[in-house]
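Undergrad: what follows is a predicted protein model with its sequence.
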Amino acid sequence: MGSTMDKAKGIANEAAGKAKQHIGEAIDSPKLQAEGAIQEAKGHAQKALGDAKAAAKDAANKAADFANRKL
């Protein structure tokens, strides 16, 4: 999966997790609040993975450009 897709899924999971937490608070459901917190954390991790993939791709592209200029 590409970095953009990871970031998009991360944003979606963060939003869904926050919504679950707020609904859990509104209906006094600790279980739903916990599920929301877990889903939000998953979203943060997915976004971080997307950022890492983008950084690695950028570094690889820069290294390839540098190598091509030296040839």
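TA: Thanks, I have the structure now. Here the structure is a predicted model, which is why all the values come from computation and not from measurement.

Undergrad: determine the longest helix present in the protein.
TA: helix 30-70 (DSSP state H).

Undergrad: mean confidence score for that one?
TA: Average pLDDT, helix 30-70: 94.

Undergrad: for P30, what are its contacts?
TA: G24 (Cβ atoms under 8 Å, 6 or more residues apart in numbering). In short, each C-beta sits where N, CA and C put it, glycine included.

Undergrad: touching, N13 and I38? I think so.
TA: No. Using Cβ atoms under 8 Å, N13 is not in contact with I38; the gap is 9.6 Å.

Undergrad: the two: who's more crowded?
TA: More neighbours surround N13 than the other of N13 and I38, with 20 against 14 (other Cβ atoms under 10 Å).

Undergrad: what's the closest non-adjacent residue to the more buried one?
TA: G43 (3.2 Å; Cβ to Cβ, 6 or more residues apart in numbering).

Undergrad: quick one: that neighbour from M5, how far?
TA: Distance of G43 to M5, given as Cβ to Cβ, to the nearest Å: 13 Å.

Undergrad: hmm, who's touching the helix or strand N13 falls within?
TA: Using DSSP states H and E, N13 falls within helix 3-26. Applying Cβ under 8 Å, 6+ apart, the contact partners of helix 3-26 are 1, 29-54, 57.

Undergrad: just the buried ones from those, in ChimeraX syntax?
TA: Here is the ChimeraX command that selects the buried residues among the contacts of helix 3-26 (16 or more other Cβ atoms under 10 Å):
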select :32,33,35,36,39,40,42,43,46,47,49,50,53
